[in-house]
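Visitor: need a structure here:
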Amino acid sequence: MNIEKLKIRQSTSHNSKLTKAYHKMDNIIDALQKKEISQNIWNVINTDIKMINAFIGTEKALIKTLRKTAVKILKFVEEELQYVSKHHYRNQWMALGIAVFGVTLGTVFSSILDNYSFMSIGIPIGMVIGMSYGTTLDKKAEADGKQLELVCES
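Guide: A predicted model of the protein is given here:
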């Protein structure tokens, strides 16, 4: 398998955001190299890496490009191979739990108790329900070998 190397600009040491963006891309590439991935998938990823290596523009634009490309690669790998980063489902379902269960339960508690100050009760309950379900899915992904050795903050 022929994997394109990410070429880091020489002037990145003074820009912490750019260094962090390059580091995240390197971590994604390293995590993917540990998995069995077909050459067709690598060709798509290599195209993105070549685009970053050939990028001509400001450091601010490069940071934005690196971040977008990292998200694009992770989404592509998730769609094609079902590989996800650690805590992917936990974070996803926590947000859904807050949005769906939190608002719904908060509205129900507020209506039943006829006091809208109880609206906020549903949010932590929804968060716990979402995190619990997401953690279960993360454990299943790990057991199936579909979890990357990568923790994404975003």
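Visitor: need the phi and psi values for Val84.
Guide: phi -130, psi 160 (degrees, to the nearest 10).
Visitor: swap in the one 4 residues further on?
Guide: Note on His88: backbone dihedrals following degrees, to the nearest 10 are phi -60, psi -50.
Visitor: neighbours around the closest residue to it other than its chain neighbours, how many?
Guide: Nearest residue to His88 in three dimensions, chain neighbours excluded: Asp138, at 6.7 Å (CB to CB, 6 or more residues apart in numbering). C-beta here means a position set from N, CA and C on the backbone, and glycine is covered the same way. The tally of other residues near Asp138 (other CB atoms under 10 Å) stands at 22.
Visitor: swap in Lys34?
Guide: 10.
Visitor: contacts only, for the closest residue to it other than its chain neighbours.
Guide: Excluding the flanking residues, the one nearest Lys34 by CB to CB, 6+ apart is Glu149, at 6.3 Å. Residues counted as contacts of Glu149 (CB atoms under 8 Å, 6 or more residues apart in numbering) are Ala31, Lys34, Lys86.
Visitor: how are the strands of the protein distributed by residue range?
Guide: 84-86, 147-151 (DSSP state E).
Visitor: and these: which comes nearest Ser111?
Guide: strand 84-86 (37.3 Å; CB to CB).
Visitor: and the contacts of the closest one?
Guide: Under the contact criterion CB under 8 Å, 6+ apart, strand 84-86 has outside partners Ala31, Leu74, Glu78, Asp138, Ala141, Lys146, Gln147, Leu148, Glu149, Leu150, Val151, Cys152.
Visitor: just put the residues you listed in TSV and tack on pLDDT and distance to Asn53.
Guide: Formatted as TSV, the contacts of strand 84-86 follow (pLDDT from 0 to 100; distance: CB to CB, whole Å):
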residue	pLDDT	distance to Asn53
Ala31	92	20
Leu74	94	19
Glu78	94	24
Asp138	96	33
Ala141	95	31
Lys146	94	29
Gln147	93	28
Leu148	92	22
Glu149	89	24
Leu150	87	21
Val151	82	25
Cys152	71	22
